[in-house]
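Peer 1: Predicted model and sequence follow; I will ask about them next.
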Amino acid sequence: MKVLVSKLSLAARDRRRISGLTHNFYRYPARFSPTFAATAIECFSEAGDLMLDPYMGGGTTIVEAIAKGRRAVGNDLNSLATFVTKVKTTPLDPKEARAVSKWAARVIPNLNYRVSRDELASLLDSDKTYNLTLARGRFIKKILAGAIESVVQLPTKDAHDFARCAILGVAQWALDGRRTHTPLSEFRKRLCNTVTQMLVSLDELHSAISNAGRGRSCVLSNGDAANIDQLPIFGEKGERAKLVVTSPPYPGIHVLYHRWQVDGRRETPAPYWIAGCADGQGASFYNFGDRRERDASTYFATSLETLLAIRRAMAKNGVIVQMVAFSDQRNQLPRYLENMEQAGFRELTAGSARIWRNVPNRRWHASLHGQTNSAREVVLIHEAI
């Protein structure tokens, strides 16, 4: 165990920029390093094992799992997370890839402001594009609508989703937290380049899957982790996961999983509009509770429900590796460990053996400390008993 923990410790502290496979399709909030996920997978599972990530976010664990020949089940409460992970893990056949390349070459360079608002009226829903009327959003909103409208030219749903994900990633670059207006020429150039890079990355992933000697095996779900054990693979088929690698919402820490910030931190639900996903939930829904609730009781009650379901979906002696942070470590870490014990887990790396890391420049808010520029995360390793 000491050797495995040492390897995982080095991986957890990896500060290299996220790269490789399909990991850069979209910058999902609070994502962890692919190196960390890959190392955990190599340390605690073997080819063909069933893995689970019940709070999969942008799908880092799922991508690494299938690339290494594992079977993977991913779930998230957020429909945007499921959309992004699906695109990251779904191959395009040669016909679909050619169609996407032609779309990028012929349509994107001709996107412009001259399209009338009436032509795009069905896409410019004021609720879905809220706050994109502000100065730094309104210039690009019509271009985004035109790009979204154009994906219907593509032959399949998988190709549509791939193109939407490319638009999503570039729109995030153009809008989220940006302090200056994005010129149309830069947007078009970046979108063309992004499509090309994404196609190469998708080929890289599926070459890795092929080299691992097993076909792609990936089940994705958009739902409450408290019901994870009811998925057909765990319920009807009766299979159990040998390994869980995940990062749950953090108690007392507010992360914008469901919004971008435009024009001076004003929030917009534009990601759901671009991806074609349903939203409508508040931040507390995705964070297991409101950050203003000082004792975080809702968080810990919700967390326990999900941990109980995760345990039911796991094999005895299976391992769960989590990366977690706390707004009030002294009080909240013991409560979280108590939840783990109640759910049927035994910690393998208690006390000084735990892995800690400092993560700079995360955009989140802690209930007791206001905005923070860094966070201290801990890696918890437990065994299902």
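Peer 2: Looks like it arrived, so ask away. Numbers count the residues shown, from 1 in each chain.
Peer 1: Okay, residue 276 and residue 128: tell me how far apart.
Peer 2: Distance, residue 276 to residue 128, using CB to CB, to the nearest Å: 10 Å. In this view, the C-beta of every residue, glycine as well, is placed from N, C-alpha and C.
Peer 1: nope, residue 321 is what I meant
Peer 2: Separation of residue 321 from residue 128 (CB to CB) stands at 37 Å.
Peer 1: what about the strands in the stretch 51-200 of the chain?
Peer 2: Taking DSSP state E, counting those that start in this stretch as the test, the strands found in the stretch 51-200 of the chain are 71-76.
Peer 1: How about stretch 86-104, which residues are buried there?
Peer 2: 86, 87, 88, 89, 90, 92, 96, 97, 99, 100, 103, 104 (16 or more other CB atoms under 10 Å).
Peer 1: end to end, how far does that stretch reach?
Peer 2: End-to-end span of stretch 86-104 (CA to CA, to the nearest Å): 21 Å.
Peer 1: Which pLDDT does the model give the residue nearest to residue 161 when sequence neighbours are not counted?
Peer 2: Nearest non-adjacent residue to residue 161, counting by CB to CB, 6 or more residues apart in numbering: residue 87, 5.2 Å away. At residue 87, the predicted lDDT confidence score is 98.
Peer 1: surely residue 87 meets residue 25?
Peer 2: Yes: Residue 87 lies in contact with residue 25 (CB atoms under 8 Å); the separation is 6.3 Å.
Peer 1: what residue ranges in the stretch 201-350 of the chain score low on pLDDT?
Peer 2: 280 (pLDDT under 70).
Peer 1: need the strands for it, in chain order.
Peer 2: Counting by DSSP E, counting those that start in this stretch, one finds strands in the stretch 201-350 of the chain at the ranges 218-222, 241-246, 253-255, 260-262, 266-268, 314-325, 345-347.
Peer 1: What about the residue nearest to residue 33 when sequence neighbours are not counted? Give its phi and psi, please.
Peer 2: Leaving aside its chain neighbours, residue 33 sits nearest to residue 14 (5.0 Å; criterion: CB to CB, 6+ apart). When quoted as degrees, to the nearest 10, the phi and psi of residue 14 stand at phi -60, psi 120.
Peer 1: Would you mind listing the residues in contact with residue 14?
Peer 2: Each residue near residue 14 by CB atoms under 8 Å, 6 or more residues apart in numbering is listed here: 33, 35, 36.
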